[in-house]
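>>> Sequence and predicted structure, then a few things I'm wondering about:
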Amino acid sequence: MKVHFIAIGGSAMHNLAIALSNKGYQVTGSDDTIHDPSKSRLAAKDLLPTKFGWFSEKITKALDAVILGMHAKENNPELLKAQQLGLKIYSYPEFLYEQSKNKTRVVIGGSHGKTTITSMILHVLHYHEKEVDYMVGAQLEGFDTMVHLTNENDFMVLEGDEYLSSPIDRRPKFHLYKPNIALISGIAWDHINVFPTYENYVDQFSIFTNQISRGGMLVYNEEDLEVKRVVEGSTNIIKKYPYVTPKHYIKNGTTFLVTANGDVPLEIFGKHNLQNLAGAKWICQHMGVQEDDFYEAIATFKGASKRLEKIAENKNTVIFKDFAHSPSKVKATTNAVKEQYADSILIACLELHTYSSLDAAFLKEYKGALDKADVAVVFFSPHAVQIKKLEAVTTQQISQAFKRDDLIIYTNSKAFKDFLFSQNLKNKALLLMSSGNYGGLDFDDLKKLLLT
């Protein structure tokens, strides 16, 4: 097949392009700009466009399919040409469904934890040399790509994102996968630019639940009351498997999982990660992994990239970075680090970077999110607010939203970096939470300067 990618440089898109090339497809693509690591990885596979930009002449009737990324606009010249020629145009999730419609589809959904749970499942399967197709939203240790497609594997494991499928397809991605086996980890309002009300957002998970194949199965976090309400209220004829936080304890900075066959030391920690583990165990068992084999494998799981990732540590200091940005994720991550490092002073830094987090009306959702931090810092860029064409946010609004009188707020990236690099980190845990980079913070420099 000849496939062309419009916006090939995206994190998900370039991984799919590489996966299809590895499968033997003829792959081309375009984008207006591409940054590393996408740029280097595409170049290594000879898939990097020779020139950046959009070129309608690349779109011909010789193409079997066009895959449209979210980065493209509705008036993209390549998209318009594909529509004019009547070519088959797929969104990213649509194409993944086409690749997996004859397989058993395992879809992991939830406002938080879906990347980690998908990563856990793939780690366990890889550990026991069980081959599956997959799509996950983070780079995993031991895996070359975030997407893997074959003709022969029986299962496809998919991270089910609730965000929109493409500029011309406003359905949430996870509505397109039609799972046989599914999981919902949690529901907490997010993506308010797409789902303007809490009820509208929750409805997407009800739709997802009702789209599970008749006779299929759904694993769900029973401790999340909204998840419990949605799942147990569904009339879809499926098997339902609840899970809760497993028994555990912390000793000398290590979390141990209590099992029937002994206590298992883990590389990960935190209540949400333990819930994620419980959900992953159910899924792996449904895919043929015995309980003992799951515990053996999960003991070596170190986490997904940028998900509570330990970037530096010495005998009296530890530094984590995390993709957390929504209120529920920020609270869970902050609480997890404080619980694990109870004897250390926790400095928790959050960058408000996403559309939702910079919306003045949504800010109140962050109430209490940083309460467990000994030192709480929020950074945001007024320029980012302008770019997103949002109402200006004031430091007073942020302070009131978090309900913390001693909250430290920075709006200048240099001032924030000066604050970080001036800290004495002895007996401290530093947590950096953002889906951005704090206006250009170099994490390698941070490691060198703060831990030498």
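Okay, I see it.
>>> C-alpha from now on. contacts and neighbour counts both.
OK.
>>> any low-confidence regions in the stretch 151-300 of the chain?
Within the stretch 151-300 of the chain, no stretch falls below the threshold (pLDDT under 70).
>>> Show me the strands in it, by range?
Along the stretch 151-300 of the chain, counting by DSSP state E, counting those that start in this stretch, strands occupy 155-160, 164-166, 169-172, 181-184, 217-221, 239-243, 248-251, 254-259, 262-265.
>>> His191: which of the ones you listed is closest?
strand 164-166 (9.8 Å; CA to CA).
>>> by contact count, what packs against the closest one?
In this structure, strand 164-166 packs against helix 92-100, strand 169-172, with contacts taken as 3 or more CA pairs under 8 Å, 6 or more residues apart in numbering; DSSP states H and E.
>>> Just checking: what are the partner strands of it?
strand 169-172 (antiparallel) (DSSP bridges).
>>> tell me how far the strand it pairs with is from the chain's mean position?
18 Å (CA atoms, centre = their mean, to the nearest Å).
>>> what's the nearest residue to Asp169 if we skip its chain neighbours?
In this structure, Asp169 finds its nearest non-sequential neighbour in Ser91, 7.4 Å apart by CA to CA, 6 or more residues apart in numbering.
>>> For the one you found, which residues are in contact?
Applying CA atoms under 8 Å, 6 or more residues apart in numbering to Ser91 gives the contacts 67-69, 165-166, 169.
>>> before we move on, back to that, in TSV, list the strands of the stretch 151-300 of the chain along with mean neighbour count and distance to Ala373.
Below are the strands of the stretch 151-300 of the chain laid out as TSV (neighbours: other CA atoms under 10 Å; distance: least, CA to CA, whole Å):
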stretch	mean neighbour count	distance to Ala373
strand 155-160	26	31
strand 164-166	22	34
strand 169-172	15	34
strand 181-184	27	28
strand 217-221	25	26
strand 239-243	16	28
strand 248-251	14	19
strand 254-259	17	20
strand 262-265	14	26
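>>> Could you dump these into CSV with distance to Ile408 added?
Converted to CSV, the strands of the stretch 151-300 of the chain look like this (distance: least, CA to CA, whole Å):
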stretch, distance to Ile408
strand 155-160, 35
strand 164-166, 34
strand 169-172, 36
strand 181-184, 35
strand 217-221, 34
strand 239-243, 38
strand 248-251, 30
strand 254-259, 31
strand 262-265, 36
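>>> closest one to Gly110 among these?
Closest of these to Gly110 is strand 181-184, at 4.9 Å (criterion: CA to CA).
>>> Give the pairing partners of that closest one; include direction for each.
strand 104-109 (parallel), strand 217-221 (parallel).
>>> Can I get the ones you listed in a markdown table including distance to Ile345?
Shown next, in a markdown table, are these (distance: least, CA to CA, whole Å):
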| stretch | distance to Ile345 |
| --- | --- |
| strand 104-109 | 34 |
| strand 217-221 | 31 |
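>>> closest to Met1 out of these?
For Met1, the closest of the strands paired with strand 181-184 is strand 104-109, at 23.0 Å, according to CA to CA.
>>> Glu74: which of the strands of the stretch 151-300 of the chain is closest?
Short answer: strand 164-166, nearest of those by CA to CA, at 9.2 Å.
>>> what does the closest one contact?
With CA under 8 Å, 6+ apart, strand 164-166 has contacts from 68-70, 91-93, 170-173, 194.
>>> looking at this, Val378 is in a helix?
No. Counting by DSSP: H, G, I helix; E, B strand; the rest coil, Val378 is not part of a helix but strand.
>>> And Ala384, how far from His353?
From Ala384 over to His353 the distance is 7 Å, taken as CA to CA, to the nearest Å.
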